[in-house]
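J.: Just a sequence and a predicted model for now, questions to come.
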Amino acid sequence: MPPSKFSLLLFVATSCGILFEQVAASDATLPSVPEAISALRYAATVYDEAAMKTAVAHLGKLGRSALPQVHQLMGHEDANVRWKAIQTLAAIGVADTRLCPDLVTCARDPDADVRGAAIDVLAQLFPQHALTHKAATRLRKDPHPLVRVRAAAAQWTTHHDLRAVEALAAALQESDWMAAREASFRLASIGSPATPVLLTLLETPTPRIQRSALLTLAKFPQLPPAALLKIRPFSTSNDPLLFPAAMKALLACGDAGRSTLETHCITASVPQRVAALTIFATSLTPAPVLRRLLVQNLADPANACQLAALAVIARHRISAPGLLQPCLKHLHHPSADHRAAAIAALAVVGSSAQAALPRLRQLADREPVDYIRRAAQRLALRLDNHGAPLED
């Protein structure tokens, strides 16, 4: 056999062997079905959220082999166990027809979480079944608002009924915050068909409803051009609850929305400039644009804008030569907040921050605020040792 072919076969064999070992190692970390069932039962009984999540994930990976024992847990005396058993069926994702009647029974459970989980899984596994449709219709009138939200979402999943979208939009007004939050996520998952209803909610006179609609629109990956015309006026509102929500929604309005937000970073009121810069930094903005805005805000006469820029640099670990001198300047600021924020920003810059060492040593010796003095000491020590950026 030619050496080249032998080498290729050896490479493939070695790669397959490594892959097999990785898969085997992964499988070895999974518990047995009885162990995973026992873990889920105990975690749900004591309501250990992390342990419940792990047990559901394990059973989901174990798949069909776990189905009979998970099915049995649907009749457990503890409502939390029944609830998590139903959610585990969703993780396993096998539409075994034997599950449908018991899921319909669980949709009548005394516990609201169990009813809500049951209609979710019925819509996922049996979307075209007549029993699913009947259960969703009945649960739309459930006394618990969160169950009503899940029932409306199920009706959208099974029928793409726009009346379900209207019901979810109405649920944004619920005083039950969990139901309102769930409605927001469900509307965002529906996407484009939900946009007209949400834009209509912006015309209501109630700021709380307007804010809920804006935050829901902000979850959309892309909004139509017409949305910008309705969202933009809220981004300059004097209401401190409305303008940040509107600015987040602007990011879903494409280049025109980002351009509007960029303008707000410079020309709006101080609270709006702070919010705009903070939100703008979370977008997929070209680095030169964000750096220019940071330099402008670091030189802004408003202290709040300066602090916002320093916080963005530290939080998003933005390193650029043009930011070094403005950050150094704030090490001498009379405000302790500015000095602390400047140290945090310089900590992500790396070796170029060595220019700050003289001032950092001064702060490490004479800074009156303890936590700032310790931060200056740590950064000075780090810069003395190879100039590496400060670790989180």
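T.: Yep, it's here.

J.: and the helix or strand where R292 lies, C-alpha only, in CSV?
T.: According to DSSP states H and E, R292 maps onto helix 287-298. The C-alpha trace of helix 287-298 is given here as CSV (Å, rounded to 0.1, in the frame of the first residue of the first chain):
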residue,chain,number,x,y,z
ALA,A,287,-15.6,48.6,16.4
PRO,A,288,-14.5,52.0,15.0
VAL,A,289,-18.0,53.4,15.5
LEU,A,290,-18.2,52.3,19.1
ARG,A,291,-14.7,53.5,19.9
ARG,A,292,-15.6,57.0,18.5
LEU,A,293,-18.7,57.1,20.7
LEU,A,294,-16.7,56.1,23.7
VAL,A,295,-14.1,58.8,23.2
GLN,A,296,-16.9,61.4,22.8
ASN,A,297,-18.6,60.2,25.9
LEU,A,298,-15.4,60.1,27.9
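
J.: Check which helices and strands it sits against.
T.: Counting by 3 or more C-beta pairs under 8 Å, 6 or more residues apart in numbering; DSSP states H and E, the packing neighbours recorded for helix 287-298 are helix 254-267, helix 270-280, helix 303-315, helix 321-330. Every residue, glycine included, has its C-beta placed from N, CA and C.

J.: And the contacts of the first one?
T.: Looking back up the chat, that one is helix 254-267. 222-223, 225, 228, 231-232, 235-236, 247, 249-251, 253, 272-273, 276-277, 279-280, 283, 285, 289, 293, 296-297 (C-beta atoms under 8 Å, 6 or more residues apart in numbering).

J.: Of the helices and strands packed on helix 287-298, give the one that comes closest to M52.
T.: Across those, M52 has its closest neighbour in helix 303-315 (31.5 Å, C-beta to C-beta).

J.: what's that closest one in contact with?
T.: 270-271, 273-274, 277-278, 281, 293-294, 297-300, 318, 323, 326-327, 330, 335, 337-338, 341-342, 344-345, 347-348.

J.: and that helix with helix 270-280, angle?
T.: Inter-element angle recorded for helix 303-315 and helix 270-280: 10 degrees (by axes from the mean of the first three to the mean of the last three C-alpha atoms, to 10 degrees).

J.: For helix 303-315, buried residues please.
T.: Buried positions in helix 303-315, judged by neighbour count with 16 or more other C-beta atoms under 10 Å: C305, Q306, L307, A308, A309, L310, A311, V312, I313, A314.

J.: Pull up the per-residue confidence for S352.
T.: As predicted, S352 sits at a pLDDT of 83.

J.: Okay, it and S319: tell me how far apart.
T.: Counting by C-beta to C-beta, to the nearest Å, the gap between S352 and S319 amounts to 8 Å.

J.: One more: V274?
T.: For V274, the distance to S319 equals 22 Å [C-beta to C-beta].

J.: For those two, indicate the residue with more neighbours.
T.: V274 (23 against 17; other C-beta atoms under 10 Å).

J.: Which is the succeeding secondary structure element to the lowest-mean-pLDDT helix or strand in the chain?
T.: In the chain, no helix or strand scores lower on mean pLDDT, DSSP states H and E than helix 3-29, which sits at a mean of 46. Remark: after helix 3-29, the chain's next helix or strand is helix 33-46, criterion DSSP H and E.

J.: Give the other helices and strands that that following helix contacts.
T.: Using 3+ C-beta pairs under 8 Å, 6+ apart: helix 33-46 touches helix 49-62, helix 67-73, helix 79-92.

J.: quick one: contacts of the first one?
T.: Which is helix 49-62. 30-31, 33, 36-37, 39-40, 42-44, 66, 70, 84, 87-88, 91-93.

J.: so which strand or helix has T204?
T.: Counting by DSSP H and E, no helix or strand carries T204.

J.: Could you tell me how far stretch 30-43 lies from the centre of the chain?
T.: Its chain's average C-alpha position is 29 Å from that of stretch 30-43, according to C-alpha atoms, centre = their mean, to the nearest Å.

J.: circling back: of the helices and strands packed on helix 33-46, which is nearest L383?
T.: helix 49-62 (38.4 Å).

J.: quick check: mean pLDDT across the closest one?
T.: According to the model, helix 49-62 has a mean pLDDT of 96.

J.: Show me which of the contacts of helix 49-62 are buried.
T.: 31, 33, 36-37, 39-40, 43-44, 66, 70, 84, 87-88, 91-92.

J.: Now P326: closest residue in space, sequence neighbours ignored.
T.: Closest residue in space to P326, ignoring its immediate chain neighbours: L298 at 3.9 Å, by C-beta to C-beta, 6 or more residues apart in numbering.

J.: residues near the one you found, how many?
T.: So L298, with other C-beta under 10 Å, has 24 neighbours.

J.: A188 is nearest to which of the helices and strands packed on helix 33-46?
T.: The closest of those to A188 is helix 79-92. By C-beta to C-beta, the value is 19.1 Å.

J.: which residues are contacting the helix or strand following that closest one?
T.: Moving toward the C-terminus from helix 79-92, the next helix or strand (DSSP H and E) is helix 99-106. Helix 99-106 is contacted from outside by 71, 74-75, 82, 86, 89, 114-115, 117-118, 121-122, 125-126, 129, 131-132, 135, using C-beta under 8 Å, 6+ apart.

J.: any idea which residue sits dead centre in this protein?
T.: K219 (9.5 Å; C-alpha atoms, centre = their mean).

J.: shouldn't that one be in contact with G191?
T.: No. Taking C-beta atoms under 8 Å as the definition, K219 is not a contact partner of G191, at 9.5 Å.
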